[in-house]
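1. missing the sequence, but the structure's below:
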Ligand code: ADP
Ligand code: MG
């Protein structure tokens, strides 16, 4: 180190403090990276890796990016999961004595990015802070791009707390997490977080744990007298996680945090809880198969017109309500729109022209905005009077109230309208930002500038006459200023008061004293003008910034109107109905449909089905039926309709009366979690354990083929016991689809259990799916028929039918001979039967490739012929 050049020494000192970040080190017009940072960045950014003398004999690997385009590169690295520390020159290099002072002014992290070019406009970008100990946990999170900040806390046993955090994280889906060491100790939970959410995680145990008064930190930032004003009385864990979050923000963002001016405490018990598995299984935000938005619930529901509306809809889907009054308030507005589609469409058209106000005001508040952002804000605000008018003239009380609440911010609108030109340039340092008539001094300067230009024109024609050089022209460039240009053929006409400035191949450039004088005036005025425009722009920005709270409040109102309007659009277009709501635990749906499947079916119509679940006779329904009949669809449909009802949406049904549900649990399909190092069955049992532990009598449970991951009798026994437990102890409304026909016996054994089945019609050896749910049960799986439908060769399916027949014969044989058979023989047949059932049951026809199918069938026929041989021999 001692041999390092002074600059490298400075670099290493700064880098030491930002070890986990890539350091962008400002050198003149470039940000340079050195050593390992350079190696990583050159690869990730695809830029050239060079090197530089570091002093002594050391060579430092180096790469760099021009400072004026650095934002793109920073965003790229952050998107790839790195943190970037921006180190600036803190003094003017031309006047600095010795080495220029430098320091980090900001650390850009995945959770604090504000660049609108890389953020998904309809998603929040959350940074979560977790403070955890054995008694409780606090969770606080912020979106720096919108200025929202929330906090919540929970007390309980360690395991419950971890479950709680996972549920919350599944909802928040942060891009970055800071947590204390204690929380990170649980490797299993950390693993789940990494696998399911994949945020950037920092263990952040600042040395301030004990003595720093977090409360002061919080009250200072939010500018309140006490944490009471923020609803944090007695919320020790929330105070800790919020304090840490602020600490980290100040550490990384330094001081541009003014727009984060509100902290909202919420209690997650006020909302329906949907754990992360259920969220995935119900395909709320993306499909399981391709992880695409297309085919998910939000794909159907999101017809919002603004970015903040899109984000709010997401939030509503993450936190369905429990309070009927609150839900009804939303329903009422949706209904008003549905009943007045002209207003509905007009409001939508109006909203469409409104930009992302939340992110705009954050940018304006941050200071990294340009005149175009102010102009975008103005264009958005221009729509408000119209929106207000639309709602107010509707003559409906609720609409009028909604309209009256809108602050149309005419003062801000006027300010920008009067000061900023239409369609201003991106740069704020080249003038042309400010409208004429806004500032007298600026206008005078501009006039002088225009006059100067006129003088130039006059001077030009005067000199043409005087010298007789017909093509004499006054030109300008940044480096040498104004000049007369004389072409070769006229050199002999140049008078002696022309002073030579520059010689080109075909011409010469001159100036005169008079030209010089005008130049001084013009350039001086121009420089002054640009500076003045910039200052006026900053002044307008600060005036707008002072109204941040009002604009944030307005964004919230716009977002809400947008979401309700979107729900109405969807309800109208898809023919949904307003559900009734009850607290009596009854879920009654007449002609319910699955909102996504009904949209995606191309060559058939969706068959609606009825549902009746209650706390007594119809508590738990066991659904048997062939593969592909529609069991899973039906169960998800019930869950999704319930969820939609509780966010205030209309639902796809003819009629519905939904009993408020505190949680929805699902265990659907055998999705393979081998990537997490656990077998499918283990994962399945994990999820079931979670359900058994957390479900209440107000929950809705969807269990789809639970027990399939193990051998038949194991699985059957587990499923049996689970049903018994739910029906007698938990008493949660439950739908249970299964292949274990034996489970249908439970209907007669326990109260509250009902058997349902899905109708199919057999025509010859074909099956036709009727998709109609009826009371009753079936014991046929039609697996081979489905295989045939899926396109497996008839030779193979015929053979499979033969095998099935043999197995059934064998079963009859073993059953009738059970007592007389030797143990050995019995065990073998039984073992084989298990083998076949298992193989066939585990087939996932939708996911399987033809090759895989043939391999499995080949294996089955091999085993079958072995079995045949063996039974014939014996
Ligand atoms: P199962 O769980 O019984 O094997 P699924 O619920 O997965 O069957 O349904 C299989 C397919 O059948 C679905 O992907 C859908 O295309 C179609 N389907 C299901 N229910 C219906 C319905 N009610 N009306 C029309 N098509 C349906
Ligand atoms: Mg299914």
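-> Arrived safely, thanks for sending. What you see is a predicted model; the values in this text were computed from it and never measured. Ligands and ions are numbered 1, 2, ... in the order given.
2. contacts for the helix or strand encompassing residue 770?
-> Element membership for residue 770 (DSSP states H and E) is strand 766-775. The contact list for strand 766-775, computed with C-beta atoms under 8 Å, 6 or more residues apart in numbering, reads 606-607, 609-610, 623, 626, 628-630, 634, 754-762, 782, 785-786, 789. Every C-beta, even on glycine, is put in place using the N, C-alpha and C of the backbone.
3. cutoff 10 Å now
-> Outside strand 766-775, the residues within contact range by C-beta atoms under 10 Å, 6 or more residues apart in numbering are 592, 604-611, 621, 623, 625-631, 633-634, 747, 754-762, 780, 782, 784-786, 788-789.
4. So what's the residue count around the residue of the stretch 401-550 of the chain found nearest ligand 1?
-> Evaluated by C-beta to the nearest ligand atom, the stretch 401-550 of the chain has residue 402 as its residue closest to ligand 1, separated by 37.5 Å. Residues within reach of residue 402, counting by other C-beta atoms under 10 Å, total 21.
5. Name the nearest residue to it, ignoring sequence neighbours.
-> residue 391 (5.3 Å; C-beta to C-beta, 6 or more residues apart in numbering).
6. what residues does the stretch 551-700 of the chain put near ligand 1?
-> 597, 601, 604, 606-607, 625, 627-633 (C-beta under 6 Å from any ligand atom).
7. Domains in the chain, by residue range?
-> 6-108, 127-270, 324-409+548-572, 440-541, 580-792, 831-873 (automatic domain parsing).
8. Out of those domains, which is closest to residue 426?
-> domain 324-409+548-572 (5.8 Å; C-beta to C-beta).
9. Need the mean per-residue confidence for the closest one.
-> Mean pLDDT, domain 324-409+548-572: 94.
10. Go ahead and confirm residue 537 touches residue 435.
-> No. Using C-beta atoms under 10 Å, residue 537 makes no contact with residue 435, being 11.2 Å away.
11. Touching both of those two, which residues are there?
-> 419-420, 424.
12. If we check ligand 1, which of those are in contact?
-> Contacts with ligand 1 are made by none of these, judged by C-beta under 6 Å from any ligand atom.
13. out of the residues you listed, who's nearest residue 479?
-> Scanning those for proximity to residue 479, where the rule is C-beta to C-beta, the winner is residue 424, at 27.2 Å.
14. Now the residue lying closest to that closest one once chain neighbours are set aside: phi and psi?
-> With C-beta to C-beta, 6+ apart as the criterion, residue 424 has its nearest non-adjacent residue at 3.6 Å, and that residue is residue 371. Backbone dihedrals for residue 371, given as degrees, to the nearest 10, come out at phi -70, psi -30.
15. Going by how many neighbours each has, rank residue 537 and residue 435 and give me the top one.
-> For residue 537 versus residue 435, neighbours defined as other C-beta under 10 Å are more numerous around residue 537 (21 against 17).
16. Please tell me how far the more buried one sits from residue 361.
-> 16 Å (C-beta to C-beta, to the nearest Å).
17. Run a quick neighbour tally on the residue of the stretch 501-650 of the chain found nearest ligand 1.
-> Distances between the stretch 501-650 of the chain and ligand 1 by C-beta to the nearest ligand atom are smallest at residue 630, namely 2.8 Å. Look at residue 630: counted by other C-beta under 10 Å, it has 25 neighbours.
18. I figured it hits residue 637, correct?
-> Yes. With contact defined as C-beta under 10 Å, residue 630 reaches residue 637; the gap is 9.2 Å.
19. Give the residues shared as contacts by the two.
-> Common neighbours of residue 630 and residue 637 (C-beta under 10 Å, 6+ apart) are 594, 597, 606, 609.
20. Please flag which of the residues you listed sit within strands.
-> Within these, residues falling in strands by DSSP state E are residue 609.
21. residues contacting the residue of the stretch 501-650 of the chain closest to ligand 1?
-> 594, 597, 606-607, 609, 623, 637, 737, 758-760, 769-773.
22. And these, which is the shakiest by pLDDT?
-> For the contacts of residue 630, the least confident entry is residue 760, with 81.
23. Could you list every helix and strand in contact with the stretch of helix or strand that one belongs to?
-> For residue 760, the element it lies in under DSSP H and E is strand 753-763. Applying 3 or more C-beta pairs under 10 Å, 6 or more residues apart in numbering; DSSP states H and E, one finds that strand 753-763 makes contact with strand 609-613, strand 620-624, helix 631-647, strand 733-737, helix 746-749, strand 766-775.
24. In terms of mean pLDDT, which of the ones you listed ranks lowest?
-> Across those, strand 766-775 gives the lowest mean pLDDT, at a mean of 85.
25. Tell me if it is near ligand 1.
-> Yes. Contact of strand 766-775 with ligand 1 (C-beta under 6 Å from any ligand atom) involves residue 771.
26. residues in contact with the helix or strand following that strand?
-> Where DSSP H and E defines the elements, the next helix or strand beyond strand 766-775 is helix 783-789. Residues outside helix 783-789 that contact it (C-beta under 10 Å, 6+ apart): 626-629, 739, 760, 762, 765-769, 782, 792-794, 796-801, 803-804, 837, 839-841, 843, 845-846, 848, 853, 856-857.
27. Please list the members of the residues you listed that lie in helices.
-> 794, 796-801, 803-804, 837, 839-841, 853, 856-857 (DSSP state H).
28. how much space between the nearest residue to residue 6 once chain neighbours are set aside and ligand 1?
-> Nearest in space to residue 6, with sequence neighbours left out and distances taken as C-beta to C-beta, 6+ apart, is residue 99 at 5.0 Å. With distances taken as C-beta to the nearest ligand atom, to the nearest Å, residue 99 is found 68 Å from ligand 1.
29. Cross-check the contact I'm expecting between residue 99 and residue 13.
-> No. Using C-beta under 10 Å as the test, residue 99 is too far from residue 13 to be in contact (11.2 Å).
30. Would you list the buried entries among the ones in helices among the contacts of helix 783-789?
-> 796-797, 799-800, 803-804, 837, 840-841, 853, 856-857 (16 or more other C-beta atoms under 10 Å).
31. Let me know the outermost residue of the chain.
-> Distance from the centre of the chain peaks at residue 492, with 73.1 Å (C-alpha atoms, centre = their mean).
32. so what's that one up against?
-> With C-beta under 10 Å, 6+ apart, residue 492 has these contacts: residue 469.
33. that's a strand at it, yeah?
-> No. Counting by DSSP: H, G, I helix; E, B strand; the rest coil, residue 492 is not part of a strand but helix.
34. what comes up buried for the helix or strand where residue 389 lies?
-> In this structure, residue 389 sits in helix 384-392 according to DSSP H and E. The neighbour-count check on helix 384-392 (16+ other C-beta under 10 Å) flags 384, 387-388, 390-392 as buried.
35. Can you pick out the most distant pair from the residues you listed?
-> Spanning the widest gap among these are 384 and 392, at 12.0 Å by C-beta to C-beta.
36. Next, show the common contact partners of these two.
-> residue 406.
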